[in-house]
Each structure stands twice: as C-alpha cells, then as structure tokens.
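> how would this look folded up:
(chains A, B and C)
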Amino acid sequence: MGPQKNTYIRISLPAVCFVWQIAMVLLFGIFIRYNEEADAHWVEHKQQHNLTDIDNDFYFRYPSFQDVHVMIFVGFGFLMTFLKRYSFGGVGFNFLIAAFGLQWALLMQGWFHSLDQDTGKIYIGIENLINADFCVAGCLIAYGALLGKVSPVQLMVVTLFGITLYAVEEYIILNLLHCRDAGGSMVIHCFGGYYGLAISWVLYRPNLHQSKHNEGSVYHSDVFAMIGTLFLWMFWPSFNSAITNHGDGQHRAVINTYIALAASVVTAVAISSMFHSKGKLDMVHIQNATLAGGVAMGTSAEFMISPYGALIVGFFMGIISTFGYVIVTPFLAKSLKLQDTCGVHNLHAVPGMLGGFIAAIVAAFASDSVYSHQGLINDLLFPFRLINTFDLTGEYASRTMSTQGGYQAAGTCVAMAFGLIGGAIVGLILKLPIWGDPADDNCFDDEAYWEVRACFRPLDVALAL
Amino acid sequence: MGPQKNTYIRISLPAVCFVWQIAMVLLFGIFIRYNEEADAHWVEHKQQHNLTDIDNDFYFRYPSFQDVHVMIFVGFGFLMTFLKRYSFGGVGFNFLIAAFGLQWALLMQGWFHSLDQDTGKIYIGIENLINADFCVAGCLIAYGALLGKVSPVQLMVVTLFGITLYAVEEYIILNLLHCRDAGGSMVIHCFGGYYGLAISWVLYRPNLHQSKHNEGSVYHSDVFAMIGTLFLWMFWPSFNSAITNHGDGQHRAVINTYIALAASVVTAVAISSMFHSKGKLDMVHIQNATLAGGVAMGTSAEFMISPYGALIVGFFMGIISTFGYVIVTPFLAKSLKLQDTCGVHNLHAVPGMLGGFIAAIVAAFASDSVYSHQGLINDLLFPFRLINTFDLTGEYASRTMSTQGGYQAAGTCVAMAFGLIGGAIVGLILKLPIWGDPADDNCFDDEAYWEVRACFRPLDVALAL
Amino acid sequence: MGPQKNTYIRISLPAVCFVWQIAMVLLFGIFIRYNEEADAHWVEHKQQHNLTDIDNDFYFRYPSFQDVHVMIFVGFGFLMTFLKRYSFGGVGFNFLIAAFGLQWALLMQGWFHSLDQDTGKIYIGIENLINADFCVAGCLIAYGALLGKVSPVQLMVVTLFGITLYAVEEYIILNLLHCRDAGGSMVIHCFGGYYGLAISWVLYRPNLHQSKHNEGSVYHSDVFAMIGTLFLWMFWPSFNSAITNHGDGQHRAVINTYIALAASVVTAVAISSMFHSKGKLDMVHIQNATLAGGVAMGTSAEFMISPYGALIVGFFMGIISTFGYVIVTPFLAKSLKLQDTCGVHNLHAVPGMLGGFIAAIVAAFASDSVYSHQGLINDLLFPFRLINTFDLTGEYASRTMSTQGGYQAAGTCVAMAFGLIGGAIVGLILKLPIWGDPADDNCFDDEAYWEVRACFRPLDVALAL
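Okay, here's the model as predicted:
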C-alpha cells in the first residue's frame, strides 16, 4: 500500500482552485466574448438595418437550459446523496466540479466548435451554456463510479481531463463523422460511463471492504436521493431536446423521451420485485434504473422512432438496467475488480452504448419517402422515415441513410474508446501519491473532507447502539 | 378478518407490470402517432407550402408542461413522504402509478377526445402530454386517501380504473355539457377526491388503530413533505393555466391562482394557530390547507373573476380546508368510518367541489357588455364579464350565460357522482383477497413492500428507546 | 429583561392574519385590476382593430417568473432549514411572510410605480408578479438575520414595514435617480441585508448563549439547506434577467450571472479549506458564499461587463463572502453585538453594496462608441460600452455616462440608508413586549411556535445520549 494515506488538502485544494480560476480569468479575457444575440453593439447594428431586436431563439432555448441546469446540480447532486455518511460529498463535490468544469467546457468546446477564424474569439450565447452543462454531465457521470473513494483534488483532475476528452470526442463524432447526438447517448453517457469505470478500475482498492460499514444508505438519505432521481426523470425530455432543431425535432424529442421514461419505470419495478426473495422493491433500482430509458433515447429522441418505438426502448432499458444492478455489478466487482459506487455501468455506460446503436439502426432504416397510410403492417415496419433531421447537405449530400447508420455506430465506438483509454490514463495519473485520497478504511465518509458536527448526527446514534 | 394477510407480491406485481406494459406497446403501435407539429413529414409539407416551420404553440406550452410534470412527480410524491415510516411508499408508489397511468391516459383521453375518424389514429403533441399528467393527478389524489393501507398492485388497479373513469367524466363534462374546466376543480380535484374517499370507505379497516404507532410524522419527514407542498404551491399557476386559451386567458389564470394561493396561506396559518390550545402551528395544515386556494381556482382561474375575487376565494378556502383538518376529518373517521390518510377530503374533494360551484356562479353572472368605468360600486358588483372564454359558438351560440352557469354546476355533480360511484365499485374489486394488501397492524410501514436497511434507520433508534 | 417572555400567539397571530387579509381584500377590490394583456375586454378591443391576440411578452417572462418564484419559496425557505431544531420555522415562516408580503407588495409597488392617474387603478400583469416576488426577497433576506430569535407576529411586522420601505427606496433609486438595477444588488440585497442587520442589532440579546445548544446544524438539516442553495444558485440567472430588456439585455444577464456564480463556487471552496486547521470544507460556506457572485452581479448583469469581467466579480465575491463567514461575523458578534443567524452580512449586505458600486464603475466607463476590434489590450481595457441599456432619453438625454455612474453609486447609498435607518426604527417597534418573541434560552427552537411530535424526533435521541 505504500505510505499511510493522508487526506490533508489544505494546501493542494486551495492551490488548484486558485491557479485554475486565475487561468480561467485570463483565458476568458483573451477568448470569450458575447455572441451577436447577447452583444449590445450587434443589436444596435440590427436596429439600424431594421432587423428585429428580440431573439426568439434565446427564449425558446431558455426553459430547456434551466431544466438541464437543474439536472446537473440538483439531479446529479442529490442522486449522489444516497450514502449514509457521504451526502455532503455527494452533493457538495458535484457542485464544485460542475461549477469548475463548466468554465473549462466553455473554452474547450469553444476552441473546437465555435472559434471564429477571423477574430480568434469564441462568441458565446445560450447554446454554449447548454453545451457546457452537457459537457460537465459526462464528468459527473464518471464521478458516480468514484463516489466516496477519491479526494476533491482528484475530482478536479478527473474533470479537467474529462472535459478536454469530451470536447475532442464530441468534435470527432459530431463534426468529422457528422453524426447526430442531440441528447448525448454517445458523447455524454457512453463516454462518461466508460471514463468513470476505467478510472475506477485503475484505482482498484483491494481492501475497500474495510469501509463496508459506511457503504449503503439510511432511510432519509434514500429519500434525499429520490429528489435527484425525480428531477432527472422529469427534466430528461428537456435534456434530450435542448439543442435539437426548432419545431418538430424538439417537439418529437420531448414526446419520445417522456414515453420511454414512463416505460422504464414500470419494467424497473417489475424486475426489482422479481429478483427479491420476498418480492420487495429496492430503492437503488427505483433511484437509477427508472432513468435508463432517457439515457438510451439520447441519440434517437429527435428521430422518427415513433411513439411505440420509444415505448419499446424504455421497456427493455428498465429491464436491462435493473438486471445490471442485481447481477452485473456484483459480478464485475468480483471478477473484473471494478468498484462502481453508483452503478454507472448500468445506468449510463450500457444504456448509452445501446442508445448509440439503436440510433444507428433507426438512422439506417430511415427513408425520405413521403408518409403514406398503407395499412397497419406497413406503419409498424417502416416508421423510421426522416427528412431534414440529419442535415445531409453540402459535402454530405451523397451519404445514404444506411451509410449514416454506419457512421452513427462508429461514433458510439469512438465515444467508448475515448472513455476507456482516456479513463485508464487519467487513472494512472490519479495513482500518484500526492492527491490526498482517503485510505481504504476511510472511504464513503464525509469526515475526511468536511467539518461534520458529529455528536448531533442521528446516524452516529444509530451506529453506537 | 378472514385469512391472515400476505404482502407477498413477487408474482403479482411483476405480472401486472409486464402484461400492462406489453399491452401498452401493442396499443401504442396501433393507435398513437405524432401530431402534425411533431411529425417530420408534416413539416416538409409545410415547408413546401411556405408555412412557418417553428411551432410557437409548443414553446408557449412547454414551460407550463414541465411545471405540471414537477407537480405530479415531486409535488404529489414528496407531499406524501410525511409519514415517519412510509416515505419510500409515498414518493415511490406515486412515481410508479404516475408513470404507469400516463401511458394509459394518452390512450384513453385519445380515444375520447382526439381519435381521428378517418385514420383511426390518435395524433399526440404537447397538449396530450399535459392532459395525461392532469388525468394522472386525479389518481394520485385518490392515492392520498389510501396512503399506507393498500398494496402497489391495488394502486395499479385504482389507477387503471381511475384513468378510465376520468376520461369518461371529462368527455361528458367538457364535450357533452360544454363546460370550461381549465385547471380541473371539477374533473381532477372533485372527481379524484371523492374517488379516493369512496374506495377508502369501502376498504374500511376497523382495526387500523393497530398501526397507530406508524401513523404520524417525524421531524425530517415533515420537512420532506414541505418540498412537495412548495412545488405544488409555486407551480399551481402553471397547472391552472397550462391548457387555457393563449394570451389573456393564460395570463389571467396565472394572476388569479397566484393571488388565491397567497391568501390561503395567511388564513390557513390563522386557523391553525387559533385551533391549537397553545396557539402553535400544525405542519399538517401548512403542508395542505395552504394549497386549497389553487384547487378552488381550478375552474374559474381563466374567468374574469377579478383579482379581489380570487383573493376572496383563497381567503375562505384556507379557512375551510384547515377547519376540515381540525374538525371534519376526525368526525368522518368516527361517524362515517372514513379513513383518509392525507385528508384529501379537505384539500381536494371539498375545495374542488366548491371551485366548481364558484365557477358556475361566476359564469352565470358573466356578461359581454363592454367594460366601462361606472364607479366603484358597479365595479365591485359586476366584475364577472366574459367574452370569448366560453367559446359559445356553433351549436352553443344560443346558450345564455346563466344557462352556462347551470351546466357548470351540473358538471360538478357529474364529477362527484363518477368519483363516488366509480370509487365504490373499485373498492369492492379491491376487497378480493388476491392483491397483497397489508394486515391492519402492518399499515403505514415500508417494510411490507420495500427493502429497508432497518438497523441504520434513525427512527428505529427513537422507537427503541 | 423585564417580565418573563411568553410565546403564546394564539390571539395575536390569527388577529394579525385576519385583519391583514381582510384589508387586502378591500384594497384589492378598490385598486387592483388586470392589465390590458390579461383582461378579456382589451383583447376584444384588440381583435376589433386587428391587433394580435397573443402576448409574447407574457410567454417570454413566464419561465423567469417561475424560476424567481422557486427561489423565493424553495430557495430562501430551504436555505433556512439548516438549524437542527428550527427547520419548520425556517421553511414555514418563510412561506408565511412571502405569501403575506407579496399581496402588500402588489399594492405598494403599484401605488409607487404603476398607478393609473386617470382611473386610480393599478393594472397588474406578469411583471408586477415578478416585482412583488423581488420585493418580498428583501424581507426574506432580513429574516435571515433574525432566524430563530423572533415570533411570526414580529416577522409580519418586519414584512409590512420592509415592503413599504422597499417600495419607497425602489421608487427613489429607479425613478428619481434613474438608476438601473435589474437584479437588485442595491434595492434588494443591499437594502434587505442592512435592514435585517439593523433590526437584529436593536434586538440584541445579551444572553443568547443560553440557546447555544440549539444553534448549529445536524447532518441532514445541512443537506436540506443544500436544496435551497442549489435552487438559488441555478435560477439566479433568471433572477438577474427577469425584468431586463428583451433580447440582448436578458441574454447577456443570463450569461454574466452564470459565469460569476461558477467562479464564486471555486473560490469559496478554496477559502473554506484554507481557513480550516485541517483543510476541511465547511457546509456553511458552501451553502452561502457560493451565491455571492449572483448577488454582486445583480445590477451589472445586463451591462456589457464582458464575460471575463463577470468572472472577476465572481472570483472576488467568493473570497470576500467566505472570509466574512470565517472572520467578520464572529468579529461583529463580539465587538458590534450584532447577532446575524444566517450571516446575511456576508451574503447579501456586503456583496449587494459592492455590486452597486461595481455597477457604478462599469456604467461610468461605458461608452457608446461602436465596437471595434483594435487588439487585445484595447478589448480588455474598454469592454464597458453600452448603448440602449440605460435608457438615457427624454429628460435624461443630457446625462453623461460618468454622471450615470455617480447616480448608480448614490442609489447604493440610498438603499443602505433605507435599510439601516428603517431597520433601526422597526427594531425599536419590535422591542415592545407584545409580540410573543421567545426568551433567550428558547431561541432556535421550533417547539415555541410549532406542534412538534418530539418523541419521534431523531434529534432528541441524539441529544439525550
């Protein structure tokens, strides 16, 4: 094990925060400007040319932006409060790395996606804020696999590299491969899930059982976690539609996600009860597997997958995800030495990957024939027609839909590869003995990094008896 | 009592979930399609004819939709976490039956309200999603009366029949009687409240006092319930305005509901303090009676009830509802053998019924004379003028406003009748000894249906001392 | 100390509530009407003249309104649940005084800002509802300083006077001095903070240490408070942009606030760790100081402060606010005899005051030269150009930007003066022995005003051991 672990971060944490934040001020000063819809000078220009002053795009995106924002901070944050002694770390470190990460995301995504070649500036508006939240989501998913086992300084390293990797894989998938991925099954969930799993695999702790008494939930921490679950579940239609095309694409993405999520809840409950010896439900499944339909609809939510197609996706995702929590996670922990605190394998990695492949199939079967009512069978077999969604114009005009399906599948593989390889490298960096991570018998415990008024904590009473 | 109760639902719950969800997939495949605003093919059609691509209606409805969604899942869900040992069941079963119910609601409401006669399809869009949430709300209200005393399988039966009944009564009230009920005082609250009360009355448990030690709240479960209360309270203006006419109707519904709710809080606090021997406030009243103004404004929120009219409604509803919790619920429990866990009688049934009759009066006094400032007295006495709200055109063109008031009152009676009769029948079905409901000494306890890590539950410590 | 304190409010609380609420009904009946966008008669008028029926302004403001509403009731309410035995009072009294206050705010702000001189009526719409919420925020900030030490009747007095003072100082600052203050650094935070501090200073309790055992948090009450923190943090961009100019002003306010808040989190974490002997984080700082960037951006959010300018503001506010919690609050308590329960000095008073002066500087440096890219240095030094934001037309057309800066600074001083002097007077009124406030050994305890089922409260177990 090397020397005794030391969780003293009084120098390293402030140092990283300050160096980072000062760097952000400088880089924002050099690169970041308001875009023309947010800049008073452009507005004057528009007024002189009798262009309209009001930017509807901002108003149409804004409610979705706020919903996504709630998912990032309350959704992910409270979902991770379920541990009996690590609720501060769950919601608090989620808050820190999200706020820290979104600044870096504005820069990294700006450099890759919206750097103006003439001025060398990044012009930001509401869509950049949404994309920064999306980018951060990938890192928060990875945090789920690491929850309770790493220091806040390590989390900042995870976030720094995670956002950089995200910006690169997103550029490859969306720009070079010209895939569609509005809700991020590939670029967010598949990448983020495997990124966290690879880091956790490298950081394997053989003696983690020494912290076993801290793992698991208490009654009220499970209720706190339901706050996270419900805000994620309710606002997932906004997540999957936030950056889709205006009009029908956004409308369709909302309907598909709403329907898929509803089905996930019902099948997750069924499997949860079926696998318990007395038929009882497990809060872990209700908190997590109910969301799998939203993850898997990320890419295809804006497609013409049809309402019953969305229902089928949600149906199977609820089953697969709950099954993962019951069977796969314990198996991975034993055979692959993979310690996955929140089970991101079952909620993000696998549903995200499957969502990528589902979208590839839907895309490959899309046709641009005009919709015609030729009877029920035909309707059921060929619902996957798409017209404008894939934006196959210009250099992509010759791409057929089956080729597009192949590119979508390739994009999913790119996301997974970035997650696994990037995560392995970051994991090795985190093994350096300088980050202040907790000892094996000190995991899942807020005492390591938080001032806890212990004597008034009801939990300690429960444990003392 | 017959045979010993058995809460083993390992077969029945998964079976119901799977049969149901597979039926949903088939029925969605046959009946449900995107509407023209969400379907890519229609958009192409619109583009060819130079119609606008962007559907503002979707964007104007979407924020309200998400607010209603929050009320259904977080609002109702957390409001029902107040019991000290039944928080999982409160928020968890609410989640299950809402997700389960909204699928059935899309079909049932579709068949009654928007089945296309030519194609035999139901074309869904954002308004259908809002209406499905509304439909589910009726069943969640009924759950409030049953909380802690029924099994999840029974709740799915309650939901299945509840949504069916809702779709029928809604059709009768809105389409046949041509009533207005934008926020659902009649169709949601009055129906849902009496539906739950009738079921609870049929399922009367003479020995429920054996579970008395589980009833009631602990300190933190009351704080959890306030999350539900506040999200319901804050988003009620969206609930009452979500499907009103665009423009002034929606704007007015927001103002009226906001004002009525504010008054309810103040008078609920006053009555709560007044009825306590030491003048102390009771969390039960603050959690519930503060919302009564929103319930009662459901029908008349879009009417020209005037701001001070809304204030008067909220004023009396706060008083009536709190009075109900203090006096009426204990009386009903004793004299009518009506066990109403959450007091839906005081929050939904009575304020919903009164809201229906208030709207009938407002409608009957409406005139379409042009607004004129003829002095204060005239303003105060005749504020109830309406012009377009009632859509009295076509076959309804000859209906006078006083006739409309009569129809509104009749609609309220229809809602109540459907709730009482439907609930009595469903109650009889639920008396069959196959549903896995808990014994009289095992109510209000999550242990029956949930895996609870008991030894870490602070509550057990409290009870053990 | 005079006579023994008596917290019996069974007569005074209902009496104040009823007198107040009846007065509101009468005053609303005399003064308040729907504005033309919410009134059916105006809509008919518009239709006759072929004006559009749909009011986009309502739809563009509505999502922001709901976000602000969430901040007022859930944000402030849950932030004040952090005390171990005063969570009911925190969220419950916040609910009461906000619902009570917003009715009075509609009237007071109406009389000062939108009374129609011809008809003597106040015509209300969505903007009035937002402004009423803002007005209430000032009083809720003041409540933060008084939390646990006053009776609900006293809080209603605080609110009654606070809203009156707010309406006057807002009129002076926005109308007479013609300042801009969209997010209310001056009129809300600076005023509200100093108002609460002045009241608390007058109500100084020399023997408050007798309630020391009730002050402070327990584990789960700190998690509850994080609900408040996060909803405030996430929706602050809506708060600062809710009543800005449509289009670029609103867009820019969102971007600036989002960025400033992100920086505050990082530097608050750094300072919190740095000042703890073992480098541990303190929940008090994470709950509060992370929000300081939003407070300080209140006035200048809509200005062309530039993204890196916003980042710098957030950077320093996180530092200053955390420093305040660590050093200044204990110092004030000792030397100035200022008992500030929530530390509103550090989160509202000082950041609000600094926000006012920052905006004065930004305004003074604004120019209306057309934006030109003359290299990095020029960009960094002169980003503060403004064109339409200040509305310097009509009688203000001759005002230069440096004069405007002077007026902004004067406005900040007006807000502070109103808070300090008004608070001192209200504090003297509250010293009358008729309000039912708790004795020095009975503070921070819900038992005084709430029916608490004590034997089941886990906390009591913890305390009993």
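> in chain A, which helix is the longest?
Across chain A, the helix with the greatest residue count (assigned by DSSP state H) is helix A:401-430.
> any part of that helix near chain B?
No: in terms of Cβ under 8 Å from any Cβ of the partner chain, no part of helix A:401-430 sits within range of chain B; the closest distance is 13.2 Å. Yep, even glycine has a C-beta here, placed from its N, CA and C like the rest.
> any buried residues in that helix, and which?
By neighbour count, and taking 16 or more other Cβ atoms under 10 Å in any protein chain shown as the criterion, the buried residues in helix A:401-430 are A:401, A:404-412, A:414-416, A:418-420, A:422-423, A:426-427, A:430.
> what's the answer for stretch A:267-283, then?
Along stretch A:267-283, the positions that meet the burial threshold by neighbour count (16+ other Cβ under 10 Å) are A:267-276, A:279-283.
> how much space between A:Q109 and C:I30?
For A:Q109, the distance to C:I30 equals 55 Å [Cβ to Cβ, to the nearest Å].
> A:M317 now?
Relative to C:I30, and taking Cβ to Cβ, A:M317 is found at 58 Å.
> what does A:G427 give?
As for A:G427, its distance to C:I30 is 70 Å (criterion: Cβ to Cβ).
> which SS class is A:D340?
Using DSSP: H, G, I helix; E, B strand; the rest coil, the structure places A:D340 in coil.
> report how many residues lie close to it.
Taking other Cβ atoms under 10 Å in any protein chain shown as the criterion, the count of residues near A:D340 is 25.
> right, and it touches A:L197 too?
Yes: A contact is recorded between A:D340 and A:L197 when judged using Cβ atoms under 8 Å, the distance being 6.3 Å.
> just the pLDDT for the residue nearest to A:Y59 when sequence neighbours are not counted.
Counting by Cβ to Cβ, 6 or more residues apart in numbering or on different chains, A:Y59 lies nearest to C:F60, which is 4.9 Å off, once chain neighbours are set aside. You'll see C:F60 listed with a pLDDT of 89.
> any idea of the mean pLDDT for whichever helix or strand A:I320 is part of?
Following DSSP states H and E, the helix or strand that holds A:I320 is helix A:307-323. For helix A:307-323, mean pLDDT rounds to 96.
> A helix includes A:M186, no?
Yes: with three-state DSSP as the criterion, A:M186 is assigned to a helix.
> can you report how many residues lie near it?
Look at A:M186: counted by other Cβ under 10 Å, it has 32 neighbours.
> in chain A, which residue sits nearest chain C?
Of all residues in chain A, the one sitting closest to chain C is A:R10 (2.6 Å; Cβ to the nearest Cβ).
> my guess is that residue contacts C:S272. True?
No: counting by Cβ under 8 Å, A:R10 sits too far from C:S272 to count as a contact (10.4 Å).
> now the nearest residue to A:G249 once chain neighbours are set aside, what's its secondary structure?
Distances taken as Cβ to Cβ, 6+ apart put A:E302 closest to A:G249, at 4.6 Å, once the chain neighbours are dropped. Assigned state for A:E302: coil (three-state reduction, three-state DSSP).
> what residues does A:E302 make contact with?
A:E302 sits next to A:180, A:182-183, A:240-241, A:244-245, A:249-250, A:252-253, A:256, A:389 when contact means Cβ atoms under 8 Å, 6 or more residues apart in numbering or on different chains.
> sorry, back to before: the residue nearest to A:Y59 and A:P63 touch, don't they?
No: under the contact definition of Cβ under 8 Å, C:F60 does not touch A:P63, with a separation of 10.5 Å.
> and those two? which has more neighbours close in?
Relative neighbour count places A:P63 above the other of C:F60 and A:P63, with 25 against 21, counting by other Cβ under 10 Å.
> how is that one assigned, secondary-structure-wise?
helix.
> kindly report the same for A:L432.
Put simply, A:L432 is coil when judged by three-state DSSP.
> quick check on it: phi, psi?
Main-chain dihedrals, A:L432, degrees, to the nearest 10: phi -60, psi 140.
> that one: how many residues sit nearby?
When counting by other Cβ under 10 Å, one arrives at 9 neighbours for A:L432.
> where's A:W104 relative to chain B, distance?
29 Å (Cβ to the nearest Cβ, to the nearest Å).
> now that residue: which helix or strand?
Secondary structure assignment for A:W104, by DSSP H and E: helix A:87-109.
> what is that helix packed up against?
helix A:12-31, helix A:76-79, strand A:122-124, helix A:126-146, helix A:152-170, helix C:219-241, helix C:248-274, helix C:283-288 (3 or more Cβ pairs under 8 Å, 6 or more residues apart in numbering or on different chains; DSSP states H and E).
> apply 6 Å and report the result again.
Of the remaining helices and strands, those touching helix A:87-109 by 3 or more Cβ pairs under 6 Å, 6 or more residues apart in numbering or on different chains; DSSP states H and E are helix A:76-79, helix A:126-146, helix A:152-170, helix C:248-274.
> helices or strands next to the second one in the packing?
Going back to what we said before, that points to helix A:126-146. If contacts are counted by 3+ Cβ pairs under 6 Å, 6+ apart, helix A:126-146 sits against helix A:56-70, helix A:87-109, helix A:152-170, helix A:191-202, helix A:344.
> please name every helix or strand in contact with the fourth one.
Going back to what we said before, that points to helix A:191-202. Other helices and strands packing on helix A:191-202, by 3+ Cβ pairs under 6 Å, 6+ apart, are helix A:126-146, helix A:401-430.
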